[in-house]
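Asker: Here is my input, please return the structure:
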Amino acid sequence: MADPRFYDNRGPFTLAALRANAEFTLPEGADGASLVHDVAGLTQAGATHLSFFEGARARADFLATKAGFCLVKAKAAGEARRTDTVILGCASAGRAFAGIARAFYPEHELDIRAQSSAVHPTARVDENVVLAPGVVIGPGAEIGAGSRIGAYSAIGRGVAIGRGCEIGSHVSIGFAYLGDAVLVYPGVVIGTPGFGFSSGADGHIKTPQLGRVIVQDRVEIGANSTIDRGALGDTIIGEGTKIDNLVQIGHNTHMGRHCIMAGQAGLSGSVVLEDFVIVGGMSAITDHVTIGSGARLAGLTGVAHDLEGGRDYGGIPARPIRDWHRETLTLAKLAKANKRKNDE
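Answerer: Next comes the predicted model:
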């Protein structure tokens, strides 16, 4: 479910009304007048919520969901019969869900609103907070004692910033909660929509990103880095984690405690870094990958599958660093031998 501090729910809607936003079939005996109160992920949904099931990775979550209504691809809908969930068959569950989510949250993309003063009257800013010139603080935002906000930074609706934080100039923070003693360098953007689309023959439909960013205590975020908010859940940056400049964190990523990410590294959506993971500069990690606690990635590593914790990795694709060094040395020797043979 979307956090009401950040998003305005336009529901509830009847099932029949939602068919104007997405094509789906009602199973025999289903009541089109049934009310849907919200959209939610499979693991968060309850009896009055609509969710969607798409892709083998989500099968366990689908089997355990408590959603009252669930969009399922039509050819699989017959195999997905459940007594406690109304199965709604459709051509593409992701695209149908995107249309329905837009009906509930039409203003989901960016937090843009007019306000007469730089600090909204409903914002709660401790008297010991320092605000540099040009700072804008949105409705319902909260900033704790001893925090300092740099020039021309924007703090969006509902954002909560803890005590003793340092926020640099030209920073944008939305749809987020920050803990205590967080250090954010200039140019950082926190809470932008995740890069989520459902593709079809007529192009790409943006999937509404209705989650949040949770930044825990004593995190450091380097200049011009970006952290996307979750699609339906949260993007989480664990306590004590340090992020260098120009780093990209994708939606629904969960970073553990005391991780380190060097400059120009990037995480795709739904990556899990367990505690004390170190990611070298310009490394890239594809979506839905889990990297175990204490793993270390050399610079320019490319990760496409889960990695065991407590080991060092390098290369593309990532492999244990000794194997990578051995393979690199072997290739160099072969190339040298081949050159010598050709020269003769």
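Asker: May I see the buried residues of stretch 172-187?
Answerer: 172-182, 184-187 (16 or more other CB atoms under 10 Å). (Each C-beta comes from the backbone N, C-alpha and C, glycine too.)
Asker: now swap in stretch 53-72 and tell me
Answerer: Neighbour count says stretch 53-72 has Phe53, Glu54, Ala58, Asp61, Phe62, Thr65, Ala67, Gly68, Phe69, Cys70, Leu71, Val72 buried, by 16+ other CB under 10 Å.
Asker: Of those, which belong to strands?
Answerer: Secondary structure assignment by DSSP state E places Phe53, Phe69, Cys70, Leu71, Val72 of the buried residues of stretch 53-72 in strands.
Asker: Now flag whichever of the residues you listed is closest to Glu220.
Answerer: Distance to Glu220, by CB to CB, is smallest for Phe53 among those, at 38.2 Å.
Asker: which residues does the closest residue to the closest one other than its chain neighbours contact?
Answerer: Counting by CB to CB, 6 or more residues apart in numbering, Phe62 is the residue found nearest to Phe53 once chain neighbours are left out, at 4.2 Å. By CB atoms under 8 Å, 6 or more residues apart in numbering, the residues touching Phe62 are Leu42, Phe53, Cys70, Ala80.
Asker: And Phe62, what's its pLDDT?
Answerer: Per-residue pLDDT puts Phe62 at 91.
Asker: Kindly report the same for Glu344.
Answerer: Looking at Glu344, the pLDDT reads 66.
Asker: you'd agree Gly230 is up against Gln209?
Answerer: Yes. Taking CB atoms under 8 Å as the definition, Gly230 is a contact partner of Gln209 at 7.1 Å.
Asker: list residues touching both of the two?
Answerer: The contact sets of Gly230 and Gln209 overlap at Gly194, His251 (CB under 8 Å, 6+ apart).
Asker: pLDDT below threshold where in the stretch 51-200 of the chain?
Answerer: Residue ranges of the stretch 51-200 of the chain with pLDDT under 70: 78-79, 81-82.
Asker: hang on, the earlier thing: could you find which two of the ones in strands among the buried residues of stretch 53-72 are furthest from each other?
Answerer: Phe53 and Phe69 (11.2 Å).
Asker: list the contacts for the residue positioned nearest the centre of the chain?
Answerer: Centroid-nearest residue in the chain: His251, 1.6 Å away (criterion: CA atoms, centre = their mean). By CB under 8 Å, 6+ apart, the contact list for His251 reads 193-196, 209, 211, 228-231, 235, 269-270.
Asker: now with 7 Å?
Answerer: Residues counted as contacts of His251 (CB atoms under 7 Å, 6 or more residues apart in numbering) are Gly194, Gly196, Gln209, Gly211, Asp228, Arg229, Gly230, Ala231, Thr235, Gly269.
Asker: name the element Lys336 belongs to?
Answerer: Element membership of Lys336, judged by DSSP states H and E, is helix 321-343.
Asker: should've said Arg157
Answerer: Using DSSP H and E, no helix or strand contains Arg157.
Asker: That one and Tyr7 touch, don't they?
Answerer: No. Counting by CB atoms under 7 Å, Arg157 does not reach Tyr7; the two are 9.4 Å apart.
Asker: which stretches of this protein form helices?
Answerer: 15-18, 59-64, 74-77, 93-104, 321-343 (DSSP state H).
Asker: could I get these as CSV with distance to Ala132?
Answerer: CSV is the format used below for these (distance: least, CB to CB, whole Å):
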stretch, distance to Ala132
helix 15-18, 46
helix 59-64, 45
helix 74-77, 55
helix 93-104, 37
helix 321-343, 44
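Asker: winner for burial among those helices?
Answerer: helix 93-104 (a mean of 23; mean count of other CB atoms under 10 Å).
Asker: Next, the angle from that helix to strand 69-73.
Answerer: 140 degrees (axes from the mean of the first three to the mean of the last three CA atoms, to 10 degrees).
Asker: from the middle of its chain, how far away would helix 93-104 be?
Answerer: Centroid displacement of helix 93-104 relative to its chain, using CA atoms, centre = their mean, to the nearest Å, is 18 Å.
Asker: Extract the C-alpha set from stretch 101-120 and format it as CSV.
Answerer: Provided in CSV are the C-alpha atoms of stretch 101-120 (Å, rounded to 0.1, in the frame of the first residue of the first chain):
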residue,chain,number,x,y,z
ALA,A,101,-2.7,1.9,-10.1
ARG,A,102,-2.9,5.2,-12.2
ALA,A,103,-6.6,5.3,-11.3
PHE,A,104,-5.9,5.1,-7.6
TYR,A,105,-2.9,7.4,-7.7
PRO,A,106,-3.1,9.8,-10.8
GLU,A,107,-0.5,12.2,-9.2
HIS,A,108,2.1,9.5,-8.5
GLU,A,109,5.0,10.7,-10.6
LEU,A,110,6.4,13.9,-9.0
ASP,A,111,5.5,16.0,-6.0
ILE,A,112,4.8,19.3,-7.6
ARG,A,113,2.6,21.8,-5.9
ALA,A,114,2.4,25.5,-5.2
GLN,A,115,2.9,27.0,-1.8
SER,A,116,3.0,30.6,-0.7
SER,A,117,6.1,30.3,1.6
ALA,A,118,9.4,28.5,1.4
VAL,A,119,8.5,26.5,4.5
HIS,A,120,4.9,25.1,4.4
